[in-house]
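Asker: Predicted model and sequence follow; I will ask about them next.
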Amino acid sequence: MTLLVDPPPRNRAAARPATDAGRPAAGQQGTTADQPPTVTEPVKLAEPPITGGRVEAVMGVIIRVLSHSPLARPLPSVILSALGLGGVAFVGLCATAPAASVATPPVLLPLTSAARDLGAPHLPDPVADLIMYVSIALCCLGLAMMLWANSRGWSPNPRRVFWTAVGAVAVLVNITPVGSSDAASYAAYGRIAALGHNPYTFLPSQLPGGAGANPTNPYTILVSNYWRTTPSVYGPVATWTQQLAAEIGGTRAWLTLWVLMIMMGTAFVITGYILLRTAANPVRAVLLWVANPLIIVELVIGGHLDSLLALFAIAAIVVSRRCTKMWHDVAVGLLVGVAGGIKVNAVLVALGIAIPLLHDRAWARLIRIGVIAGLTTFGLYYFSYGLSALRTLGHASGMVISPTIWRGVQEIFGHGPMVSHIISFSWPPLMLALAWYLYKRLSPDVPTVVAATCALTFAWVIVAPWSLPWYSSVAWVTVALLPRNTLTRWLTVATGTLAMLHFNGGHPTNVQIGPTP
């Protein structure tokens, strides 16, 4: 199979010049640059490793023990991953039957409704929490074990893995979202747009019957109490996606949310297919995306828009690495611009694509891509909902989530405007510094655009004042294109930790809404 992202000649925009000729090229499994890859040999680490002091030392001890344990074999690792996914799905099937749970929004999608009709037990919040903690831990462990088994020679058929994951996704999108109420907010914003209102100024609580502590509007009921008085912070492309789902769902909020789940699951699968067809190591790519239980939990079972963002991000990166004609640059600019119309953090993808162009002084291409991307994003905002869509982003940029180091700063120095301004000006340069450090820790032979985008998006997840586990989607989709490296373990730890800290559906007491006969 022809690989669309084969490493190009060095000193080109898609690859950094090597500083150590003895290191293996990206995508090769422990071979030198003039030798064909040997599929039976484990893929070497991209060097130098990330230094983490005592944390890295402790992690190294744990890794040595686990990587040589019986769990680091194909069957046990797959079983661990399946148990983790099954535990989260079980919460989705049971937490809303017959009453709502803190882990899920109060909505019954088809399989959850069937589980309730079959007598699925209601899970008290402490039990649901315990299952979630254990399941997320199993997802992290299962992923690590699959990767270690792969590094020791296990090489499953990537197409078979892909289609197995497609089957799992087709089932999971029929279960009530678990771990977040974001999908419920998507549905409400879509309903607002479908009714002809502006979701950037019109609130979910302003829907007919949506006011008060006990709203009767089926959409408002789904939205977490905190977000009922918050306008949309997503781009116009995201709003149009939500509106399409709401047009299909109409007054049936559960149907709108179900359509959104299917849309995000489809985007997740298409992203996996692009990785399968373009990755230098398709086995590793499918294990890190479509077969990654941690990402499935956050993007598919959670139903997050970040699946759609990851799709446009990987498409832009793949096309940028193939750029030989002017229309390639136009396509990259359009893809980046549309990504910016989904979520504002797509600017990190744009920066990752710009870095190799700056390195090669490809000024014409840089200007061409930059102008097209900027005009596309600006046009999507300005000619849809106007500047009101941008004002909400300014408010959201000052939000600080707990627990983060920035919340610690607020607790020490207060929550005043001055502290907020200091945080707003401090975290971007710190993010860039961390991104530079991570970027330098990756092999100089790996493609610059992939390494830069991965480092930037991962650093953003770590440093940004408002960070959630599904924000790591672009980091995961780019690390899937890299050879084996120590950054993967840190990304797993970061995403897993955030997942354990944030899996609240926001509705411990609301009456559930479900399919009608």
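Answerer: Ah, there it is.

Asker: Okay, now the unreliable bits of the chain?
Answerer: Applying pLDDT under 70 to the chain picks out residues 1-57, 59-60, 97-100, 394-398, 505-517.

Asker: State the helix or strand in which Val493 lies.
Answerer: helix 487-501 (DSSP states H and E).

Asker: what does Leu311 give?
Answerer: Going by DSSP H and E, Leu311 is part of helix 306-321.

Asker: For that helix, name the packing helices and strands.
Answerer: helix 253-278, helix 326-340, helix 347-359, helix 448-463, helix 473-479 (3 or more C-beta pairs under 8 Å, 6 or more residues apart in numbering; DSSP states H and E). Every C-beta, even on glycine, is put in place using the N, C-alpha and C of the backbone.

Asker: Comparing the ones you listed, which comes out most buried?
Answerer: Counting by mean count of other C-beta atoms under 10 Å, helix 473-479 has the highest mean neighbour count of these, with a mean of 28.

Asker: about what we covered before: can you put the helices and strands packed on helix 306-321 in CSV and add distance to Lys440?
Answerer: Formatted as CSV, these follow (distance: least, C-beta to C-beta, whole Å):
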stretch, distance to Lys440
helix 253-278, 25
helix 326-340, 25
helix 347-359, 13
helix 448-463, 9
helix 473-479, 16
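
Asker: Specify the angle between the helix holding Leu311 and helix 347-359 in degrees.
Answerer: Orientation of helix 306-321 against helix 347-359 (axes from the mean of the first three to the mean of the last three C-alpha atoms, to 10 degrees) gives an angle of 10 degrees.

Asker: chain center to helix 306-321, what's the gap?
Answerer: 12 Å (C-alpha atoms, centre = their mean, to the nearest Å).

Asker: And for stretch 232-246?
Answerer: Worked out by C-alpha atoms, centre = their mean, stretch 232-246 lies 18 Å from the chain centre.

Asker: Show residues contacting it.
Answerer: The list of residues contacting stretch 232-246 from outside it, by C-beta atoms under 8 Å, 6 or more residues apart in numbering, reads 185-187, 189-194, 199-200, 256-257, 259-260, 263, 305, 308, 338, 340-344, 377, 380-381, 384-385, 389, 392-393, 395-396.

Asker: Give me the buried subset of those.
Answerer: Neighbour-count burial (16 or more other C-beta atoms under 10 Å) applied to the contacts of stretch 232-246 gives 185-187, 189-194, 199-200, 256-257, 259-260, 263, 305, 308, 338, 340-344, 377, 380-381, 384-385, 389, 392.

Asker: quick check, Ser443 in a strand?
Answerer: No - with DSSP: H, G, I helix; E, B strand; the rest coil as the criterion, Ser443 is assigned coil and is not in a strand.

Asker: is it true that it touches Arg484?
Answerer: No - if you go by C-beta atoms under 8 Å, Ser443 and Arg484 don't touch, sitting 10.1 Å apart.

Asker: ok, the two, which is more surrounded?
Answerer: Set side by side, Ser443 and Arg484 show more neighbours around Ser443, with 22 against 19, by other C-beta atoms under 10 Å.

Asker: ok so, going back, which one, of the helices and strands packed on helix 306-321, ends up nearest to His421?
Answerer: His421 lies closest to helix 448-463 among the helices and strands packed on helix 306-321, at 16.9 Å (C-beta to C-beta).
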